[in-house]
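> starting from these lines, generate the structure:
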Amino acid sequence: MFASLSRAARRRLLAVSAALLAVCGVLVWWLVPFGSPTPSGSVTFSTGVPTGVYQQYGELLKGALAQDLPEVSIRLTDSEGSQQNLARVASGEADFTIATADAVAQYQRERRPGFERLRSCARLYDDYVQLVVPKDSPVRSARDLKGLRVGVGQDGSGVRLIADRVLAAAGIAPISDIEPVAAGIDTMPGLLTQGRLDAFFWSGGLPTDAVRSLADRFLIRLVPLDAQLVDRLHDVGPSTRHYRSAVIPADAYTKAQDGRQIETLAVANLLVTTDKADADLVEGFTRTVIRSRDRIGAQVHPAQLVDLRTAVYTEPLTLHEGARRYYRSVKP
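Below you'll find the predicted structure:
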């Protein structure tokens, strides 16, 4: 029959057939979903103290997520830090958070509620321990803190965990040998300038705005924490193996370092969720974290250190399946 048609008729029939196939293709695309569904709903992100890096990073990441996951509503909530963050995520009070690897290891070692459900999306950037004193302070090492008023971080913070460990490694009982002051980076600089603190510990990305701002208006100095101290920390047990010797670059706080590098210790930050989190949501979250590095890093310097090549190294947590799926998709 087709052969008996005129050439013009055959052309018209072929054109009509092609049009019908195109329409059918559009209908199939519209009616049958291909690929992963777009994540939607509301999630809570537990951050940190208002002037800390966790909070600043969370605020900027929220903006990036709003563009990449427009159907997901992100709610940020302040916290005292890593330890409280982990408890919130494990209990379902929050869906995502940031916590240091040592705090995660401690949470697991103590088998705290929900520890077995914790999963990671990415290794982010390292926190550097910063022991801050007035410029004219006689304190030259952590051992010299005995008998002084020392800011050790809030009770639920990773700062408190690491400050107590550093003090113990220096031979100082964190409760009886000093006057510990439970305060965060939002209040410790003010207490130091008022003479109500002799020193304070902070663990955060470099530079931390609160410390840089303090150095601009008050003469301070960073106290070295040497490699021997890190070795003694490693002797405590498995939950302290995540600390590494590091240096604070000379230009991190120019006015507080007199052009010198400062020995210290560092620990990785992890983006944490649980095995209950939707895989598509976690994949999208992880993608945004990696892709937004430069945008966020322009305002929060530590974010510049988020690196696709190292993001998968999230010990002591295993990767969430959604994060694993993302990394497979970008693997060269």
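
> which phi and psi does the most centrally placed residue in the chain have?
Against the mean C-alpha coordinate of the chain, by CA atoms, centre = their mean, the closest residue is Ile98 at 4.0 Å. Phi and psi for Ile98, reported as degrees, to the nearest 10, are phi -120, psi 140.

> where in the chain is pLDDT low?
Scanning the chain for pLDDT under 70 picks out 1-37, 332.

> would you map the helices across it?
For the chain, the helices defined by DSSP state H cover 7-31, 53-68, 82-91, 101-109, 158-169, 188-193, 209-217, 227-234, 254-257, 279-291, 293-297, 321-329.

> what angle sits between the fifth one and helix 227-234?
Relative orientation of helix 158-169 with respect to helix 227-234: 100 degrees, computed using axes from the mean of the first three to the mean of the last three CA atoms, to 10 degrees.

> off-centre distance for helix 158-169?
Computed by CA atoms, centre = their mean, to the nearest Å, the chain-centroid distance of helix 158-169 equals 19 Å.

> tell me what that helix is packed against?
Contact analysis of helix 158-169 by 3 or more CB pairs under 8 Å, 6 or more residues apart in numbering; DSSP states H and E lists helix 82-91, strand 96-100, helix 101-109, strand 118-134, strand 199-204, helix 227-234 as its packing neighbours. Bear in mind the C-beta positions are built from the backbone N, C-alpha and C, glycine included.

> circling back to that earlier point, can you say which of the helices of the chain is nearest to Ile248?
Closest to Ile248 of the helices of the chain is helix 254-257 (CB to CB; 7.2 Å).

> just give me how far the closest one sits from the chain centre.
For helix 254-257, the distance to the chain centre is 26 Å (CA atoms, centre = their mean).

> in it, which residues are buried?
Across helix 254-257, burial judged by 16 or more other CB atoms under 10 Å covers 256-257.

> domain ranges for the protein?
Here the domain parsing of the chain from automatic domain parsing is 41-124+269-329, 127-268.

> so what's the gap between the shortest one and the chain middle?
Distance, stretch centre to chain centre, for domain 127-268: 19 Å (CA atoms, centre = their mean).

> what's the span of that domain, first residue to last?
End-to-end distance of domain 127-268 (CA to CA, to the nearest Å): 6 Å.

> hang on, the earlier thing: minimum distance to Pro249: which of the helices and strands packed on helix 158-169 has it?
The nearest among these, by CB to CB, is strand 118-134 at 9.6 Å.

> can you give the distance of that closest one from its chain's centre?
Put simply, strand 118-134 sits 7 Å off its chain's centre (CA atoms, centre = their mean).

> tell me what angle that strand forms with strand 199-204.
In terms of direction (the same axes, to 10 degrees), strand 118-134 departs from strand 199-204 by 150 degrees.

> measure how strand 118-134 sits relative to helix 209-217, angle-wise.
Interaxial angle, strand 118-134 versus helix 209-217 (the same axes, to 10 degrees): 10 degrees.

> show me which residues of strand 118-134 are buried.
Counting neighbours by 16+ other CB under 10 Å, one finds that the buried residues in strand 118-134 are 118-134.

> on that earlier part again, save the helices of the chain as TSV, and put in distance to Ser42 too.
TSV is the format used below for the helices of the chain (distance: least, CB to CB, whole Å):
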stretch	distance to Ser42
helix 7-31	28
helix 53-68	12
helix 82-91	15
helix 101-109	25
helix 158-169	27
helix 188-193	33
helix 209-217	29
helix 227-234	40
helix 254-257	42
helix 279-291	11
helix 293-297	22
helix 321-329	17
